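[1] Fold the following, please.
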Amino acid sequence: MPEMLVAQRRERLLSELESSGGLKVVDLAARLNVSRATVRRDLLDLEAEGRLSRVRGGAVLTTPDPGTPPPDARPSGGGPGPGAVERTLGLLVPSATYYYPRVVAGVRAAAAGRGARVVISLSDYAHGDESERVEELRASGVSGLLIASPGGHDLPAQTLERLAGTGLPYVLMERQPHDPFAACEFAATDHRQGAFAAVRHLALLGHPAVGLFTNASPTAALVREGHGAAVERLGLRTDVPVHDTGRPTMGSAEAAEHHDRFIEECLSTGTRAALVLSDHDAIELMRRLRGRGLRTPEDMALVAYDDEIASLADVPLTAVAPPKRALGEQAARLLLDRLDAADPAAVPVRQLFLQPHLVVRSSCGAR
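    Model prediction:
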């Protein structure tokens, strides 16, 4: 189903639950003709909105509190005052289905609280040039830009020059300049800290060797840095598998080959713990381990990175959870502070790092 139809899919999911009272994930996936991972992600977001309750393997509808305002209700006093100029934030994100929906929710909440509008545009991970989308946002009359480019976390000088060329103030989200001395505002998750915390947690549980499995997401390089720093500083074994898949289609034969190869490398090196980016890969590794008669966490402890659907795995996954909604809120506030200032040039350039937190569940073996 196309990304722009996410809202329609979720309304249909709620309709299916309303007609039946409750359904399993596998049944919802079949009825909506989407993957189970997509259903799990939708259930998490809809539960966060208070529209349903997740149960083991599925979900049921919740009865809203009559006194609870609708999710999109604007806080009292949140609109612009008399004579104020309405500000419109142009938001560019690379996905409407994974990771970024909660970032977008944070942007919308912060904007609504300050009486601003949000216009969103979607780029594509497969195409690293966001110039056309940025120009579309500029031409639509937005007041400023919130940018999560589809490429890596470190943006080259040329990209920053193109953004500056729009004449609009901008804030990077989950991105930062390659040049550490560039005067550019951003709000980003410190993924190195997140990876370090995950490896340290596994080491404290008694694992002398912690492998790393990543995909080619923009986060992967930072996660590798954090993993490497933890291995060095904690004195862990260095002869562990560190494997990156590139971008094979999830569920494809190519992806399965990567998962199986990583498992073989872990077994051959005596590695019994791993940090895995992303949740999807961690769930698939767990499934393929089970196919070999191996259990999680008894035979292989796993920590996922992203915490999108980690809690819905058969063995709930301990996961590093980036503060996605808070990041969206903070980025929007940085931009709105500059837009609302009497003298925007007098506002200092702010660069904000947010630390993720580790959500401990069953897959790591901790009580």
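[2] Run a quick check on Ala230 versus Phe196, I expect a contact.
    Yes. Using CB atoms under 8 Å, Ala230 is in contact with Phe196, at 4.6 Å. Any C-beta I mention is one placed from the backbone N, CA and C, and that applies to glycine too.
[3] anything in contact with each of these two?
    With contacts defined as CB atoms under 8 Å, 6 or more residues apart in numbering, no residue is shared by Ala230 and Phe196.
[4] low-scoring stretches of this protein, by residue?
    Residue ranges of the chain with pLDDT under 70: 1-5, 18-22, 50, 52-85, 124-129.
[5] Please report the distance of the residue most central in space within the chain from Ser278.
    In the chain, the centroid-proximal residue (CA atoms, centre = their mean) is Tyr99; its distance is 2.7 Å. For Tyr99, the distance to Ser278 equals 9 Å [CB to CB, to the nearest Å].
[6] Now the common contact residues for these two.
    Shared contacts of Tyr99 and Ser278, counting by CB under 8 Å, 6+ apart, come down to 306, 308.
[7] so what's Ala187 bridging to?
    Counting by DSSP bridges, Ala187 forms beta bridges with Met173, Leu352.
[8] Enumerate every residue touching it.
    By CB under 8 Å, 6+ apart, the neighbours of Ala187 are 171-174, 327, 330-331, 334, 352, 354.
[9] Touching, the residue nearest to the centre of the chain and Glu308? I think so.
    Yes. Shown here, Tyr99 and Glu308 form a contact pair, counting by CB under 8 Å, at 6.5 Å.
[10] ok so, going back, would you list the buried entries among the contacts of Ala187?
    Buried members of those, scored by 16 or more other CB atoms under 10 Å, are 171-174, 327, 330-331, 334, 354.
[11] returning to what we had before: what is the nearest of the contacts of Ala187 to His207?
    Leu354 (27.3 Å; CB to CB).
[12] And that closest one, its phi and psi?
    For Leu354, the backbone dihedrals are phi -110, psi 130 (criterion: degrees, to the nearest 10).
[13] and the gap between it and Leu277?
    From Leu354 to Leu277 the distance is 18 Å (CB to CB).
[14] what about the strands in the stretch 251-367 of the chain?
    Ranges of strands within the stretch 251-367 of the chain are 273-276, 301-305, 318-321, 351-354, 357-359, based on DSSP state E, counting those that start in this stretch.
[15] and of those, who's closest to Leu146?
    strand 351-354 (13.0 Å).
[16] Would you mind listing the outside residues contacting the closest one?
    By CB under 8 Å, 6+ apart, strand 351-354 touches 176, 184-190, 322-323, 326-327, 330, 334.
[17] Of the residues you listed - the most surrounded one?
    When neighbours are taken as other CB atoms under 10 Å, the top entry among the contacts of strand 351-354 is Ala187 (29 neighbours).
[18] coming back round to it: now render the contacts of Ala187 as CSV, adding distance to Ile120.
    Formatted as CSV, those follow (distance: CB to CB, whole Å):
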residue, distance to Ile120
Val171, 15
Leu172, 16
Met173, 12
Glu174, 15
Leu327, 16
Gln330, 18
Ala331, 13
Leu334, 18
Leu352, 21
Leu354, 21
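[19] and which of these is nearest to Glu298?
    Leu354 (34.1 Å).
[20] Please report the distance of that closest one from Arg224.
    20 Å.
[21] How many neighbouring residues does Gly251 have?
    12.
[22] again with Arg138
    Arg138: 16 neighbours (other CB under 10 Å).
[23] That one and Ala110: what is the separation?
    21 Å.
[24] Looks to me like Val34 is in a strand.
    No. Counting by DSSP: H, G, I helix; E, B strand; the rest coil, Val34 is not part of a strand but coil.
[25] tally of neighbours for the closest residue to Ala321 other than its chain neighbours?
    Leaving out its chain neighbours, the residue that sits closest to Ala321 by CB to CB, 6 or more residues apart in numbering is Asp307, at 3.7 Å. Neighbourhood size, Asp307 [other CB under 10 Å]: 24.
[26] what separates Asp307 from Thr238, distance-wise?
    27 Å.
[27] again, but for Pro208
    From Pro208 over to Thr238 (counting by CB to CB), the distance is 11 Å.
[28] more neighbours, those two?
    Pro208 (15 against 10).
[29] how about stretch 257-268: buried residues?
    So stretch 257-268, judged by 16+ other CB under 10 Å, has buried residues 258-259, 262-263, 265-267.
[30] Could you export those residues as JSON lines, including distance to Ser362?
    Shown next, in JSON lines, are the buried residues of stretch 257-268 (distance: CB to CB, whole Å):
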{"residue": "His258", "distance to Ser362": "25"}
{"residue": "His259", "distance to Ser362": "20"}
{"residue": "Phe262", "distance to Ser362": "21"}
{"residue": "Ile263", "distance to Ser362": "19"}
{"residue": "Glu265", "distance to Ser362": "24"}
{"residue": "Cys266", "distance to Ser362": "19"}
{"residue": "Leu267", "distance to Ser362": "22"}
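[31] which one among those gets closest to Leu122?
    Looking across the buried residues of stretch 257-268 and measuring by CB to CB, the closest to Leu122 is His258, at 27.2 Å.
[32] State the distance from the residue nearest to that closest one when sequence neighbours are not counted to Thr214.
    Sequence neighbours aside, Thr245 is the residue nearest to His258 in space, at 4.3 Å (criterion: CB to CB, 6+ apart). With distances taken as CB to CB, Thr245 is found 7 Å from Thr214.
[33] Going by how many neighbours each has, rank those two and give me the top one.
    Thr214 (23 against 20).
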